[in-house]
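Asker: sequence and predicted structure below; questions after.
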Amino acid sequence: MVDTSLLVWIVLAPLLGAILNGGFYFYHIKRKPVPEIVFSIIGTMTPLIAFLITLCLFLDMLNGNTTFRQELFTWVNIGSLNISMAFLGDHLAIFMSLFVTFVGWLIHIYAIGYMTKDEGFGKFFAYFNLFLASMLILVLADNPVILFIGWEGVGLCSYLLIAFYYSEEENVLAGNKAFIANRVGDFGFILGIVTLFFALGGVDLSFGSLETNISNASTSLLALSGFLLFVGAMGKSAQIPLYVWLPDAMAGPTPISALIHAATMVTAGVYMVSRFHFLYSGIEEIGTFIAYIGAFSALFAAIIATRQQDIKKILAYSTMSQLGYMFIAVGLGFYSSGLFHVLTHAFFKAMLFMGAGGMIIALHHEQNIFKMAQHRVQLPIIGITFLIGVIAISGIPPFSGFFSKDAILAAAFQEGQYGIWAIGMFTAFLTAFYMFRMYFILFVAPNKHTKHYVYTSKTITLPLLILAVGAVGAGFLNLPGALGGEHMVDTWLAQTNSTQVHMSHTTEYILMVVSVLIAASGIVVAYKKYANFDVYAPEDEKGLIANKFYIDEIYDAVFVKSAKKISSFIDKTIDMKIIDGLIMSGCNQFIALGKKVATIQNANVRFYAGFMLIGMSCVFIYLYISLGL
C-alpha cells in the first residue's frame, strides 16, 4: 500500500526544483557562474521524481486502491464556505498526471540540448519547473479554488516563457497578448465558480461534495455556471473566440512550445470540463454548445494552417484544431474519448515541436518552411520521428492518432450529430493535407542545396525516439471492441460516467474506412502539389487565409483601438476637463476666499481688539437670550 502523503510530492518535486534553480540563478548572476549541469540535474530530476511517484500511485490503484486524498490544512472556513488545501488522486487525476509528468520530463531533457549556452539557462529551468508544478496543482486539486490556483499558475508561467527573450518587443507583445486573452477567459472562470457556489447553497467546495449535491441546485444557475467555466476553457485551450494568443505564443523558445501544447496549459480546458463532468452531463444544451465550438475551432484552425509558412505556427494551429476534436468529445459526454485524444496528442505533438526545434537550431533559427527547405540538412532521427508524428496526427492506422480521433468521430456519428461529424471529417482531410504539405516541403521537395549532416545532441534525439514509441503505440491502450480491444482507457476513466461508443461493428468498420480514405486523400493532394514544389518560389503570403482571416486586425479595431479611444476620452475629457475642472474650480474659489480672509490678518492690535469685542458681545447676547435673562 502506497503512503497517501506521497500525493503532495508530485507537486512539491517540480516546485522545489523551481525554487532551487531560481536561487542558483540569482547566485549565478550576482556572485559567480553556476555550471549548466547543476540547473540541468535539478531541472530534469524533479519532474522524474514526480513521474515515479505518480507511477507508484497508478500501480497501487491497479492493485485495488481506488483513490488518494491528502488534506494539508483548512484554508478558509467561514460559515458554510469551507475550502481545504487538499489534493485528490483519483483515476482521472492520476491518468492525467501520469503522462503530464512523463512527457514533461522528456521535454525538460530536450531543453538541455536546445537551451545550452543560453545566458538565461538557469532562469529557463526555474520557469519550466514552475510551469509543470502549476499544471500538477491544477490536475490534482481537490476543489475548484485550488484548481484555479494552478489555472492561474500556468497562465503566469506561459507569460514568463513566451516573453522569455524580453529584449525583443515582438516577444513581449506576444507574452502580453497571451496573458490578457487568458485573463478574459479567467474572469469567466471565476464567475463560474462563484455561480456554482451560490447554485449549491454554499456547500463544501470539494469535487466530491459538489457531485453529491449537484442534483439539489437550480438548473438555470448550473447552466450559467457551466457556460462561464467553459469561457475559461476557451482562453486556456485556445478555442473560438479566445484563440488569438496561441499562434503568437511561438515567440518563446521551442521547448516551451512543446510543453504548452503537449503536457500543460492548453489541455487544461479539456481536463476541467472532464473534471466537472457531473455538471455538464446534466445540461445537454451546454454540452452541445461546447461540441460545436470545438468543431468550428477545429475547422477554422485547419483552414488557416493550410497557408501558413512558419513551422511553429503551423503546429500551433494544428494544436488548436486537435483541441477542437477533444471538445467535441467532452461536449457530447464522451469524456474518456476526449482524454484519450489528449494522451495520444501529447506524444505526437511534443515530438513534432521538438523535431521542429531541432531543425530550427540546425538551420540557425530559420522557421519559414520554404527557406528551411532551401537549406535542407541531413537530420535522420529528426526526419524519421517527424514523419511518424505527421502520420499519427493525420489519423493513419495503426498510429495512435487514428484510434483516438476515430473514437471522437464515431461518438459524434452515434449521437446523431451528423453536422459535427461532417465538420470533423473535413477537418481530418485538411489536417492530413497541411501536415503533409509541411513534410513534403521540408523533406521531399527538390532543392539546389547540397545536403550535409548536422550533429544533433543526444538530449534532443533521445526524447524524440521515446515519444515516437508513444506516437505509434499509445492508440492500442484504448483499442475499440470492433478491433478486439478492451477499451482500457474507457474502463480506467469510468468515474467520469463517460458515454461509450456502442454501435454495430459493421458501422464502426465503415466509419473507420471512410476516415482512412479521407485522410489518405488529403495526403495524395498534398503529395501532388508539394512533393515537387519549387521551394525557391514560395506561396504568396497575401490573401484571406494566409492572413488568418484578419481576425487579429478585427480584434485590434474592435477591442484594442476602441479601448484606447475610450481611455483617451476618459483621460482628456472626463478626468481632465470635468473632474479636474470641478476640483480646480473649487480650489480657485477656496484660494480667492482665503485671500479675502487674509486681509483681516493685518497686524493691527486695535483692529484685532475690535473684532474680539464684537465676538464677545455676540456670545453674551446669545447667553442672555438662551438663558432667558
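Answerer: Done, it's in.
Asker: where does pLDDT dip in the chain?
Answerer: 1-2, 202-203, 450, 597-603, 628-629 (pLDDT under 70).
Asker: for Ile240, give its distance to Met320.
Answerer: Distance, Ile240 to Met320, by Cβ to Cβ, to the nearest Å: 9 Å. Quick note: C-beta positions are derived from backbone N, CA and C, even for glycine.
Asker: likewise Ile193?
Answerer: 25 Å.
Asker: quick one, which of the two is more surrounded?
Answerer: More neighbours surround Met320 than the other of Ile193 and Met320, with 24 against 18 (other Cβ atoms under 10 Å).
Asker: pretty sure the more buried one contacts Tyr243?
Answerer: Yes - between Met320 and Tyr243 there is a contact at 5.5 Å, judged by Cβ atoms under 8 Å.
Asker: need the overlap of contacts for these two.
Answerer: Ser297, Ala301 (Cβ atoms under 8 Å, 6 or more residues apart in numbering).
Asker: show me what contacts the closest residue to Glu36 other than its chain neighbours?
Answerer: With Cβ to Cβ, 6 or more residues apart in numbering as the criterion, Glu36 has its nearest non-adjacent residue at 5.4 Å, and that residue is Phe121. Residues near Phe121 by Cβ under 8 Å, 6+ apart: Glu36, Phe39, Met115.
Asker: the first one: neighbouring residues, count only.
Answerer: Put plainly, it is Glu36. 18.
Asker: ok, now Ile381?
Answerer: 17.
Asker: anything in contact with each of Ile240 and Met320?
Answerer: In contact with both Ile240 and Met320: Ser297, using Cβ under 8 Å, 6+ apart.
Asker: related to what we said a few turns ago, quick one: the residue nearest to Glu36 from Ser626, how far?
Answerer: For Phe121, the distance to Ser626 - Cβ to Cβ - is 85 Å.
Asker: name the element the residue nearest to Leu140 when sequence neighbours are not counted belongs to?
Answerer: Sequence neighbours aside, Phe87 is the residue nearest to Leu140 in space, at 4.4 Å (criterion: Cβ to Cβ, 6+ apart). Under the criterion of DSSP states H and E, Phe87 resides in strand 81-89.
Asker: just checking, what packs against that strand?
Answerer: If you count contacts as 3 or more Cβ pairs under 8 Å, 6 or more residues apart in numbering; DSSP states H and E, strand 81-89 packs onto helix 7-30, strand 68-78, helix 121-140, helix 144-162.
Asker: indicate which one of those is closest to Ala329.
Answerer: Proximity to Ala329 (Cβ to Cβ) singles out helix 121-140 among those, at 18.3 Å.
Asker: buried residues in that closest one?
Answerer: Using 16 or more other Cβ atoms under 10 Å as the test for burial, helix 121-140 gives 121-140.
Asker: for that helix, what is the distance to the chain centroid?
Answerer: In terms of Cα atoms, centre = their mean, to the nearest Å, the centre of helix 121-140 is found 13 Å from the chain centre.
Asker: mind checking the longest helix of the chain?
Answerer: Longest helix of the chain, by residue count under DSSP state H: helix 169-199.
Asker: tell me the helix or strand right after that helix.
Answerer: As the chain continues past helix 169-199, the following element, by DSSP H and E, is helix 207-213.
Asker: all the helices of the stretch 451-600 of the chain, in order from the start?
Answerer: With DSSP state H, counting those that start in this stretch, the ranges of helices along the stretch 451-600 of the chain come out as 458-473, 488-492, 505-530, 551-555, 562-569, 580-598.
Asker: distance to Ala262 added to those helices, as a markdown table?
Answerer: Below are the helices of the stretch 451-600 of the chain laid out as a markdown table (distance: least, Cβ to Cβ, whole Å):
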| stretch | distance to Ala262 |
| --- | --- |
| helix 458-473 | 9 |
| helix 488-492 | 18 |
| helix 505-530 | 21 |
| helix 551-555 | 25 |
| helix 562-569 | 34 |
| helix 580-598 | 53 |
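Asker: these: which one's closest to Thr427?
Answerer: Closest of the helices of the stretch 451-600 of the chain to Thr427 is helix 505-530, at 9.7 Å (criterion: Cβ to Cβ).
Asker: which strands and helices sit next to the closest one?
Answerer: Short answer (3+ Cβ pairs under 8 Å, 6+ apart): helix 505-530 packs on helix 380-394, helix 400-414, helix 418-439.
Asker: secondary structure element for Gly226?
Answerer: Per DSSP H and E: helix 219-236 holds Gly226.
Asker: that helix packs against which elements?
Answerer: Using 3+ Cβ pairs under 8 Å, 6+ apart, the elements in contact with helix 219-236 are helix 144-162, helix 169-199, helix 268-275, helix 277-280, helix 284-305.
Asker: please identify the deepest-packed of those helices.
Answerer: Among those, the stretch with the highest mean neighbour count (mean count of other Cβ atoms under 10 Å) is helix 268-275, at a mean of 26.
Asker: how far away from the center of its chain is that helix?
Answerer: 11 Å.
Asker: now do that helix: everything it contacts.
Answerer: 92, 96, 135, 138-139, 147, 151, 154, 207, 229-230, 232-237, 239, 280, 290, 323, 326-327, 330-331, 335, 338-339, 342, 496.
Asker: stretch 104-117 now?
Answerer: By Cβ under 8 Å, 6+ apart, stretch 104-117 touches 36, 40, 43-44, 47-48, 50-51, 121, 124-125, 128-129, 132, 135, 253-255, 258-259, 262-264, 350, 354, 357, 361, 456-460, 462-464, 466-467.
Asker: hang on, isn't Trp421 packed against Phe413?
Answerer: Yes - assessed by Cβ under 8 Å, Trp421 is found in contact with Phe413 at 4.7 Å.
Asker: so Gly175 makes contact with Trp245?
Answerer: No - at 9.3 Å, Gly175 and Trp245 do not qualify as touching, with contact defined as Cβ under 8 Å.
Asker: what about the residue nearest to Leu511 when sequence neighbours are not counted, how many neighbours?
Answerer: Spatial nearest neighbour of Leu511, chain neighbours left out: Ala410 (5.4 Å); criterion: Cβ to Cβ, 6+ apart. Per other Cβ under 10 Å, the neighbour tally for Ala410 reads 22.
Asker: what distance do you get for Ala410 to Asn497?
Answerer: 19 Å.
Asker: same check, this time on Phe348
Answerer: The value you get for Phe348 to Asn497, if Cβ to Cβ is used, is 28 Å.
Asker: look at these two and report which has more neighbours.
Answerer: The neighbour comparison of Phe348 against Asn497 (other Cβ under 10 Å) goes to Phe348, with 29 against 13.
Asker: out of the helices and strands packed on strand 81-89, the one nearest Leu593 is which?
Answerer: Set against Leu593 and scored by Cβ to Cβ, the helices and strands packed on strand 81-89 come closest in strand 68-78, at 50.3 Å.
Asker: now do the closest one against strand 81-89, angle only.
Answerer: 170 degrees (axes from the mean of the first three to the mean of the last three Cα atoms, to 10 degrees).
Asker: touching strand 68-78 from outside, list them.
Answerer: By Cβ under 8 Å, 6+ apart, strand 68-78 touches 2, 4-5, 7-8, 57, 82-90, 94, 142, 145.
Asker: sort out which of the residues you listed are buried, if you could.
Answerer: 2, 4, 7-8, 57, 82-90, 94, 142, 145.
Asker: neighbours of the closest residue to Glu415 other than its chain neighbours, how many?
Answerer: Spatially, and ignoring its direct neighbours in sequence, Glu415 is nearest to Leu332 (5.3 Å; Cβ to Cβ, 6+ apart). By other Cβ under 10 Å, 25 other residues sit near Leu332.
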